[in-house]
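**Student:** just to be clear, the model below is a prediction. Sequence and coordinates:
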Amino acid sequence: MDQQQPQPTNGESSTAETEVHALQIPLLPEHPPAKTPTQRAVRKAFKGTAHLSNLLPTGTVLIFQVLSPIFTHDGKCRSIVSKTTTLFLLFTCASLCFVLNFTDSFRDDKGKVRYGVATFRGLWIIDGKLAGISTAERNNFRVRFLDFFHAFLSVLVFGSVVMFDKNVMDCFFPSPSEEMREILTTVPVAVGIVCSALFLLFPTRRHGIGFPLSRR
């Protein structure tokens, strides 16, 4: 005699339907929610800062990004002292961007990287050791017009990075007008594009402090 299979109860049936329905729900939504204008602006700012930072000495941008929230009190700038110290930070970082373009490096007889400062007479070795480089080779590191050109572009690029920084902008422009907001958005992008093109058209052969190491 055939045995009849037990029929599922109402509770078991509903549980099974719930499990099947859960399996049919995708783990991730097919269409992610649209980003708000604020989220898009922040994303563009981070991308723009990351791109422009590649054109500057590594340590300069890092120092600015670490100290900017501290000096500005997260963009609030509670007193004139906060604004003064923030201006001092911007001036210091901009000066570093300018000066570091006149540094260069070479490898000595042991393959160790030596750094120096380019002058009108040649390369001035920072640690004073001249092993591995002759006087004639030192003269090849003399300052040229291209060094001043790159230094000027670096300051402009750093200014663009500053304009992308929300803390600094909130400190000096807490309630910008619509026109000022457009300027603060479009100017750093335009400057970054122009400077990037000029860096590519007129490359430098220097490998100074904060830049890729020299193979020489």
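**Tutor:** On my side now, so go ahead.
**Student:** strands along the protein, start to end?
**Tutor:** Along the chain, counting by DSSP state E, strands occupy 103-107, 113-119, 122-125.
**Student:** the ones you listed: which one's closest to L200?
**Tutor:** Closest of the strands of the chain to L200 is strand 103-107, at 20.3 Å (criterion: C-beta to C-beta). For the C-beta atoms, the positions are set from N, CA and C on the backbone; glycine is no exception.
**Student:** tilt between the closest one and strand 113-119?
**Tutor:** Angle of strand 103-107 versus strand 113-119, following axes from the mean of the first three to the mean of the last three C-alpha atoms, to 10 degrees, is 140 degrees.
**Student:** export strand 103-107 to CSV, keeping only CA atoms.
**Tutor:** Provided in CSV are the C-alpha atoms of strand 103-107 (Å, rounded to 0.1, in the frame of the first residue of the first chain):
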residue,chain,number,x,y,z
THR,A,103,66.7,70.7,-6.3
ASP,A,104,68.2,67.7,-8.2
SER,A,105,69.8,64.4,-7.5
PHE,A,106,72.5,62.0,-8.8
ARG,A,107,74.0,58.7,-7.8
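**Student:** give me the buried positions along stretch 95-112.
**Tutor:** L96, C97, F98, V99, L100, N101, F102, T103, D104, S105, F106 (16 or more other C-beta atoms under 10 Å).
**Student:** quick one on the thing from earlier: need the strands of the chain in TSV with mean pLDDT and distance to N139, can you?
**Tutor:** Formatted as TSV, the strands of the chain follow (pLDDT from 0 to 100; distance: least, C-beta to C-beta, whole Å):
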stretch	mean pLDDT	distance to N139
strand 103-107	84	13
strand 113-119	86	10
strand 122-125	83	5
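**Student:** returning to what we had before: columns distance to T86 on top of the buried residues of stretch 95-112, output as JSON lines?
**Tutor:** Shown next, in JSON lines, are the buried residues of stretch 95-112 (distance: C-beta to C-beta, whole Å):
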{"residue": "L96", "distance to T86": "16"}
{"residue": "C97", "distance to T86": "17"}
{"residue": "F98", "distance to T86": "19"}
{"residue": "V99", "distance to T86": "21"}
{"residue": "L100", "distance to T86": "21"}
{"residue": "N101", "distance to T86": "24"}
{"residue": "F102", "distance to T86": "26"}
{"residue": "T103", "distance to T86": "26"}
{"residue": "D104", "distance to T86": "32"}
{"residue": "S105", "distance to T86": "32"}
{"residue": "F106", "distance to T86": "37"}
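**Student:** burial measure for I183, as a count.
**Tutor:** Using other C-beta atoms under 10 Å, I183 has 14 neighbouring residues.
**Student:** how close does A94 get to V157?
**Tutor:** According to C-beta to C-beta, to the nearest Å, A94 stands 10 Å off from V157.
**Student:** the two: which has the busier surroundings?
**Tutor:** V157 (25 against 18).
**Student:** reformat the strands of the chain as a markdown table; add distance to F202.
**Tutor:** Shown next, in a markdown table, are those (distance: least, C-beta to C-beta, whole Å):
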| stretch | distance to F202 |
| --- | --- |
| strand 103-107 | 17 |
| strand 113-119 | 17 |
| strand 122-125 | 21 |
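**Student:** nearest to G208, out of those?
**Tutor:** Comparing the strands of the chain by C-beta to C-beta, strand 103-107 comes nearest, at 3.2 Å.
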